[in-house]
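Q: got a sequence here, can you build the structure:
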Amino acid sequence: MPIDVAAAALHFRDIMATSDLLPALAYERSAFGKEGSGIVRRVGMDAREFRPGDEVVFITSGSITTRGQLFGKPRCLGMEEVASVLSVYVTTYYSLIHLARLREGQRVLIHSGMGGVG
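A: Take a look at the predicted model:
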C-alpha cells in the first residue's frame, strides 16, 4: 500500500550507524529510520482498514520509504509528532501491558526518562 511520506523519524541509532559506531551487520545503512507518517495514496482490492487519503503512521525498516506496517493516525497529533513516537509507544505498550501485565491502579517508576524508551 503506497503512501506519501509526510515525516520520517531518525534516531540516535541512525546517527551512530552513519558515524561507523555500529557494526555493519547490526545495522543496514539503507534502513535509516524506523517510523514515519503520511497519507495513503492507493490500496489493493483486498484492503479493508485503510482508504486513499487516510492519514497513517507506520513502522518499517527505513522510514524514508512507501511501505511498512500502518496504523491510523490520531487526529489530535500532527504528522511530525506521530512520526517520532510510534516505536517508543509500541515498545512501552508491549513492555508494560504485555510483558509486565500492568493493570489499572498499579504505578510505574520512570527512571532515566530522557531517551525515547528511558
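
Q: residue boundaries of the helices in this structure?
A: Ranges of helices within the chain are 12-18, 79-83, 86-93, based on DSSP state H.

Q: residue 42: which of those helices is closest?
A: Ranking the helices of the chain by proximity to residue 42 (Cβ to Cβ) places helix 79-83 first, at 19.0 Å. (Each C-beta comes from the backbone N, C-alpha and C, glycine too.)

Q: where does this protein dip in pLDDT?
A: The chain contains residues with pLDDT under 70 at 1, 22-32, 61-70, 112-118.

Q: which residue sits farthest out from the middle of it?
A: In the chain, the greatest distance from the average C-alpha position (Cα atoms, centre = their mean) is reached by residue 105, at 28.1 Å.

Q: now do it against residue 89, distance only.
A: 22 Å (Cβ to Cβ, to the nearest Å).

Q: can you give me the strands for the chain?
A: 3-9, 35-40, 55-59, 69-72 (DSSP state E).

Q: most tightly packed of the ones you listed?
A: strand 35-40 (a mean of 24; mean count of other Cβ atoms under 10 Å).

Q: which residues does that one contact?
A: Residues from elsewhere that reach strand 35-40, judged by Cβ atoms under 8 Å, 6 or more residues apart in numbering: 1-9, 50-60, 63-65, 68, 70, 73, 79-80, 82-87.

Q: make it 6 Å
A: 3-9, 50, 52, 54-59, 63, 73, 79, 82-83, 86-87 (Cβ atoms under 6 Å, 6 or more residues apart in numbering).

Q: strand partners of it, parallel vs antiparallel please.
A: strand 3-9 (antiparallel), strand 55-59 (antiparallel) (DSSP bridges).
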